[in-house]
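Colleague: pasting the structure only:
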């Protein structure tokens, strides 16, 4: 048993750190470190930089152009990117749909879709949730009917994150109504420029349009865009979930944000208030404990022994921590988190922010925004059901 | 970065596990509690397994193993709620081995390793609460002989141990001494503790003592951290067992015609218990792995672990009782004993609020397992 990374792993970390330092645009890092608004161009600029290096698909095997890193290397890469202030990789292409195409798509689909994902050129969205299908995803109703060499798709998806930027969308659609709900679902890749698709951004509680409704009105999708076999889509979607693993805990970002919380607490004069400081201390312990849990999972993956089936725990804890640090940041600023000046959340704004500390401008919005984390990706209550199932048998 | 146990560590775990299962069942434990909370026979069995000498170096007749082996053994002893104080013994042996002059080591370590003698740390004083200072017990040198006067509280098996490691102040500086129970001026008043174990008040009145070290504060801080890591390891074993008992009960007990394990309100509580258990296991590893780090890092890591584990011990103990319902508050069923043992562990070597204060005082700009 040993806490330290190996010398090779430390060298790997140093190499990544040096590369990120050289290639991450400071203006983007500044926005990330201060929770300022990130544009589509910011996100895609970083994606393309990574893409040119072959690291946008950092979890990919070599045969598809990835670096074939092991679990520890992937973790170190994520950590170095997070601590340097890199934007999170928009996961829908490289992290979510790509592994499904690799595992279940045919050679033609792999050649057609993977290069655009790897380079960051093509923006993918996820079409899973529907107005009537949230936690009970298998009840989804969006229909795809076969007509000769294409499917005709009708229905509605919702909560499609950043779907307003999407070039393509991968969807779970119903191709059969017989048998269990899970057995009649197919995995379809749809060009978002297809006639009949309407995207409507949904303004959220923080004032931003992070998610969308997507309507499909007789959208024609070529049959060659079906991944794998018809009615097997649920199996592929579950495979996708298995690919999230430790990354869902987002512990590296939490470490970075804990540093920001401490800076804010100092600047707002609550660092020396024991009652407030103890709350930061509790969060610090929570983050270290989560990191240790993540490291245990990585160690188990590396050695192949003692596999830990605790993805649900990582999701629950990670999301609670994300909510907690945004909550404490807002509380640290107190009344100076209250002025709603949307422009102050853009980099380079030159106005006077009430209280004189511009860093307070995004705190409340960030707190409001993070309420999503215990809802999405399988709500924390659903995750508890899963944990209870494995614990109680 | 590797959290797998070696084959030797695994074998050690299995040996202790087997002894606990076969040799330390609920009925025997109950009999030991009824007879005063400590059994020399059971202690002898642990010594026969070589466990008394686990952390004592080979030249003094021990196995010379380290913190991870200690953690492995303590997880299993914690699981069995074993009352015989091996962790306390190892701590005393650590103090002697690390700081004492050679003749004192040669006198005591072989006997401690073989289980013929028992020594424990006697450091708690009323007024200091969880701090290691102030210490009111005084040490004086006269005619070439040290003597100690003072009062120590809640000393593990204090009226059965053969010797005590006693922190005391000489010339306004904290030092450590060894005092034998049979020495002049030593009085003990023994009692049961809430977990069924045994402790005593220790009164020293100009009692002859042998010097271990005059640089006592650093030594005592390290001992307290080792003690805390021991608490974590025992708690992990016991929380694991407490959860297992609860799961078993929920799958057996029926109400409204179905096993109570089918009720979502209860299932979510079990999920939260599992969460606390796995976070605790992670932090117990962290504490034991950091025992060899430089003082400030070690102190910070152990305090973090104890804060995490403290909340977990209380939550898992209380939840187990709640999920058992009425049977959970009876003396005849084991789960209340788990709850009481967890409660006592949480208050051993500093309680959760104390450790939170330590974390809070020691925060840096950055944080993380490696920061």
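Modeller: Alright, I've got the coordinates. As the structure is a prediction and not an experimental result, all values here were calculated from the model.
Colleague: Domain map for chain A?
Modeller: Residue ranges of the domains in chain A are recorded as A:7-89, A:124-231, A:244-392, according to automatic domain parsing.
Colleague: Is chain A within reach of the helix or strand encompassing residue B:321?
Modeller: Residue B:321 is part of helix B:295-324 when elements are defined by DSSP states H and E. Yes. Helix B:295-324 lies in contact with chain A when judged by C-beta under 8 Å from any C-beta of the partner chain; the contacting residues are B:304, B:307, B:308. Placement of C-beta: from N, CA and C, glycine included.
Colleague: residue ranges of the strands in the stretch 101-250 of chain B, please?
Modeller: With DSSP state E, counting those that start in this stretch as the definition, the stretch 101-250 of chain B shows strands at residue ranges B:119-121, B:138-142, B:145-156, B:163-170, B:173-180, B:186-192, B:198-213.
Colleague: burial of the residue of the stretch 51-200 of chain A found nearest chain B, as a residue count?
Modeller: When you check the stretch 51-200 of chain A against chain B by C-beta to the nearest C-beta, the closest residue turns out to be residue A:72, at 6.6 Å. Residues contacting residue A:72 under the criterion other C-beta atoms under 10 Å in any protein chain shown number 20.
Colleague: Run through who's touching the strand or helix carrying it.
Modeller: Mapping residue A:72 onto the secondary structure by DSSP H and E places it in helix A:71-84. With C-beta atoms under 8 Å, 6 or more residues apart in numbering or on different chains as the test, helix A:71-84 has contacts from A:5, A:9, A:12-13, A:16-17, A:20-21, A:24, A:29, A:55, A:58-59, A:67, A:69, A:88-89, A:245-247, A:252-253, A:255-256, A:294, A:297-298, A:301-302, B:1.
Colleague: Quick one: distance of the helix or strand following it to the chain centre.
Modeller: Following helix A:71-84 in sequence order, the next helix or strand is helix A:98-104 (DSSP H and E). Its chain's C-alpha centre lies 18 Å from the corresponding centre of helix A:98-104 when counted by C-alpha atoms, centre = their mean, to the nearest Å.
Colleague: what does helix A:98-104 rub up against?
Modeller: Here helix A:98-104 makes contact (C-beta under 8 Å, 6+ apart) with A:57, A:59-61, A:64, A:109-110, A:113-114, A:117-118, A:170, A:187, A:227-228, A:232, A:236-237, A:239-240, A:243.
Colleague: So is stretch A:1-17 next to chain B?
Modeller: Yes. Looking at stretch A:1-17 against chain B by C-beta under 8 Å from any C-beta, the contacts come from A:1, A:2, A:3, A:4, A:5, A:6, A:9.
Colleague: Would you mind checking the average pLDDT for stretch A:36-56?
Modeller: Over the span of stretch A:36-56, the pLDDT mean works out to 97.
Colleague: And for that stretch, what's in contact with it?
Modeller: Here stretch A:36-56 makes contact (C-beta under 8 Å, 6+ apart) with A:19, A:23-25, A:28, A:30-32, A:58, A:65-67, A:77, A:86-87, A:89-90, A:94, A:117-121, A:123, A:162, A:165, A:208, A:345-347, A:362.
Colleague: And stretch B:295-308, by the same measure?
Modeller: With C-beta under 8 Å, 6+ apart, stretch B:295-308 has contacts from A:281-282, A:284-286, A:288-289, B:218, B:221-222, B:225, B:228-229, B:231-232, B:279-280, B:283-284, B:286-287, B:290-293, B:349-350, B:352, B:355-356, B:358-359, B:362.
Colleague: burial count for residue B:13?
Modeller: 18.
Colleague: Can you name the residues in contact with the helix or strand hosting it?
Modeller: Here residue B:13 is covered by helix B:7-23, with elements defined by DSSP H and E. Under the criterion C-beta under 8 Å, 6+ apart, residues A:1, B:5, B:42, B:45-46, B:49, B:51, B:68-69, B:72-73, B:75-77, B:79-80, B:82 lie in contact with helix B:7-23.
Colleague: Kindly recompute the last result at 7 Å.
Modeller: The contact list for helix B:7-23, computed with C-beta atoms under 7 Å, 6 or more residues apart in numbering or on different chains, reads B:45, B:49, B:68, B:69, B:72, B:73, B:76, B:77, B:79, B:80, B:82.
Colleague: re the thing from before, does the residue nearest to the residue of the stretch 51-200 of chain A closest to chain B when sequence neighbours are not counted belong to a helix or a strand, and which?
Modeller: What sits nearest to residue A:72 in space, not counting adjacent residues and going by C-beta to C-beta, 6 or more residues apart in numbering or on different chains, is residue A:298, at 5.2 Å. With elements delineated by DSSP H and E, residue A:298 resides in helix A:274-303, which encompasses its position.
Colleague: Mind giving me the packing neighbours of that helix?
Modeller: Helix A:274-303 makes packing contacts with helix A:71-84, helix A:251-267, helix A:311-333, helix B:264-289, helix B:295-324, helix B:352-361 when contacts are defined by 3 or more C-beta pairs under 7 Å, 6 or more residues apart in numbering or on different chains; DSSP states H and E.
Colleague: can you give me the offset of stretch B:336-356 from its chain's centre?
Modeller: Per C-alpha atoms, centre = their mean, the centroid offset for stretch B:336-356 relative to its chain is 10 Å.
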